[in-house]
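**Student:** need coordinates for the following:
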Amino acid sequence: MFNQHNVYPFRMTYKSIALAISILYFATACQKKAEAPLLAHHIPEPITVIDSAQITIPFALEINAVSKEFRAEKEAEIAKYYKKNIALADFSGGFIVAKNGVIIYEDYQGYANYSQKTAINEHTAMHLASVSKVLTATLILKLVQQNKIDLNEKVKTYLPSFPYQNTTVKTLLNHRSGLPHYSRFGELIKGWNSKKVLTNADVLTTLSKNKLNLLSKNDTHFDYCNTNYAILALIAEAVTEKSFSISMQEEIFEPLGMQDSFVIDFPTQKLNVCQSYKGNFINYGWDQFDAIYGDKNIYSTPRDLVKFDLATYSTDFLRADLVEEALKGYSYEKRGIRNYGLGIRMNEWETGQTLHYHNGWWHGNTSSYTTLKKEMVVIIALSNKFTRKVYKSSRLASLFGDYPLELEE
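**Tutor:** Numbering: from 1, shown residues only. Predicted coordinates for the structure are as follows:
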């Protein structure tokens with residue numbers, strides 16, 4: 001136990017106090033030469049100023065600075081077009097234009113949940129609809145990079161119950177497989193149960209069990225088909241032995257810092273995500289195909305998609321030869337400028353320009369992702385209330401490069 005003597009082991013006298021003060025003064029005087037200079041003469045270390053408009057990723061990139069003058073000029077032009085053609089009073093969604101990762105223009109309006117009056121902001125993840133295919137294709141290419149998938153390998157190698165002998169991973173990616181559309185199973189199969197909510201596994205089982213005819217022989221014609229990407233998601237799950245959602249998180253979302261992006265678990269999350277509306281804010285509702293993923297069902301934000309777009313320029317994220325495979329066209333049996341790569345659409349003009357993009361539409365969700373590879377510009381428009389206006393966003397490409405597009409029709 002402590003007592004008075006333990007707490008106060010000695011008693012201070014006037015002499016001891018005076019001696020202590022003298023010692024302290026002497027020690028202080030001797031140290032003056034070692035003190036730091038006065039504040040008025042001190043030169044602080046330089047402080048790095050972070051541009052709040054700059055979006056970055058943890059992968060090596062060669063990026064040029066974007067001048068204030070360029071940003072101001074383009075911001076004014078984009079704002080004028082956006083407000084006139086997209087952001088009308090009935091628009092509900094998000095919009096962003098960025099160059100070299102620098103946000104040139106950004107806007108959000110409307111409601112993620114109209115009944116609760118939950119406003120859309122930069123962290124509101126919206127249903128990407130078919131823009132999801134861009135991300136699904138990237139996951140497949142990442143797995144090719146890891147030698148888990150071969151683009152030219154038969155699908156049956158990964159999914160033994162798959163009924164079509166010649167279909168390859170590549171012809172799923174570029175929509176040249178000729179597979180039947182799962183949305184038309186009800187037309188093709190007698191006694192089809194239209195109330196059952198289908199899973200990806202159900203799509204594969206239905207194809208295997210019913211031996212439905214191909215719409216065309218493998219790699220002979222382009223036919224845009226959601227079934228292709230539902231099967232690709234199953235291939236990813238087979239080779240990783242993980243769910244599609246986890247693989248997307250581990251291979252793309254987490255490495256790129258896409259913190260607001262995810263693959264919906266439809267049964268448990270459908271009421272908690274950004275809702276889908278008709279033009280008058282009446283909820284669009286659900287159907288039996290809403291649980292199928294890969295072709296859709298990825299939720300993300302415009303800012304997260306800028307991060308994804310930046311990653312496509314980094315060979316540390318994806319090898320240059322795989323990016324090249326993705327960005328080239330594969331379907332030339334018909335004349336015209338439109339073509340499709342591996343998870344990306346493109347317009348190829350005879351004058352030499354190529355515009356890469358992907359649009360989406362699922363229920364009330366519409367989306368547009370335009371990536372200008374020469375200019376390192378990305379244009380993204382997402383809406384959760386049905387509108388075709390988002391598709392007009394790609395015309396803004398003409399502000400950044402020599403693309404034969406007119407801002408005004």
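
**Student:** going forward, measure contacts between C-alpha atoms and count neighbours the same way
**Tutor:** Will do.

**Student:** where does pLDDT dip in this structure?
**Tutor:** Across the chain, the ranges flagged by pLDDT under 70 are 1-51, 409.

**Student:** tell me where it has strands.
**Tutor:** Taking DSSP state E to define them, one finds strands in the chain at 93-99, 102-109, 111-113, 118-119, 126-127, 262-263, 298-300, 338-340, 345-348, 354-362, 365-372, 377-383.

**Student:** ok, the fourth one: who's next to it in the sheet?
**Tutor:** I take that to be strand 118-119. Sheet pairing for strand 118-119, assigned by DSSP bridges, gives strand 111-113 (antiparallel).

**Student:** C-alpha coordinates for stretch 306-324, PDB please?
**Tutor:** These are the backbone C-alpha positions of stretch 306-324, laid out as PDB (Å, rounded to 0.1, in the frame of the first residue of the first chain):
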ATOM      1  CA  VAL A 306     -14.000   5.400 -64.800                       C
ATOM      2  CA  LYS A 307     -11.600   3.300 -62.700                       C
ATOM      3  CA  PHE A 308     -12.400   0.300 -64.700                       C
ATOM      4  CA  ASP A 309     -11.800   2.200 -68.000                       C
ATOM      5  CA  LEU A 310      -8.400   3.400 -66.700                       C
ATOM      6  CA  ALA A 311      -7.400  -0.200 -66.000                       C
ATOM      7  CA  THR A 312      -7.900  -1.100 -69.600                       C
ATOM      8  CA  TYR A 313      -4.800   1.100 -70.400                       C
ATOM      9  CA  SER A 314      -2.600  -0.700 -67.900                       C
ATOM     10  CA  THR A 315      -0.700  -3.800 -69.000                       C
ATOM     11  CA  ASP A 316      -0.200  -4.600 -65.300                       C
ATOM     12  CA  PHE A 317      -4.000  -5.200 -65.200                       C
ATOM     13  CA  LEU A 318      -4.500  -6.900 -68.500                       C
ATOM     14  CA  ARG A 319      -1.900  -7.900 -71.200                       C
ATOM     15  CA  ALA A 320      -1.800  -5.700 -74.300                       C
ATOM     16  CA  ASP A 321      -2.400  -8.700 -76.600                       C
ATOM     17  CA  LEU A 322      -5.600  -9.600 -74.800                       C
ATOM     18  CA  VAL A 323      -6.800  -6.000 -74.900                       C
ATOM     19  CA  GLU A 324      -6.100  -6.000 -78.700                       C
END
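
**Student:** buried ones in it?
**Tutor:** Buried residues in stretch 306-324, counting neighbours by 16 or more other Cα atoms under 10 Å, are found at 306-314, 317-318, 322-323.

**Student:** ditto for stretch 165-176
**Tutor:** Under the neighbour-count criterion of 16+ other Cα under 10 Å, stretch 165-176 has 167-176 buried.

**Student:** ok, the nearest residue to residue 223 once chain neighbours are set aside - contacts?
**Tutor:** Nearest non-adjacent residue to residue 223, counting by Cα to Cα, 6 or more residues apart in numbering: residue 175, 5.6 Å away. By Cα atoms under 8 Å, 6 or more residues apart in numbering, the contact set of residue 175 is 222-225, 228, 340.

**Student:** ok, 7 Å please
**Tutor:** Neighbouring residues of residue 175 by Cα atoms under 7 Å, 6 or more residues apart in numbering: 222-225, 228.

**Student:** want to throw these into CSV with neighbour count?
**Tutor:** Formatted as CSV, the contacts of residue 175 follow (neighbours: other Cα atoms under 10 Å):
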residue, neighbour count
222, 21
223, 18
224, 17
225, 21
228, 26
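
**Student:** correct me, but residue 144 touches residue 138?
**Tutor:** No - using Cα atoms under 7 Å, residue 144 makes no contact with residue 138, being 9.6 Å away.

**Student:** for residue 250, which of the strands of the chain is the nearest?
**Tutor:** strand 262-263 (10.9 Å; Cα to Cα).

**Student:** how far out from the middle of the chain is that closest one?
**Tutor:** On the basis of Cα atoms, centre = their mean, to the nearest Å, strand 262-263 sits 10 Å off its chain's mean C-alpha point.

**Student:** can you check stretch 181-189 too?
**Tutor:** Counting by Cα atoms, centre = their mean, stretch 181-189 comes out at 30 Å from the chain centroid.
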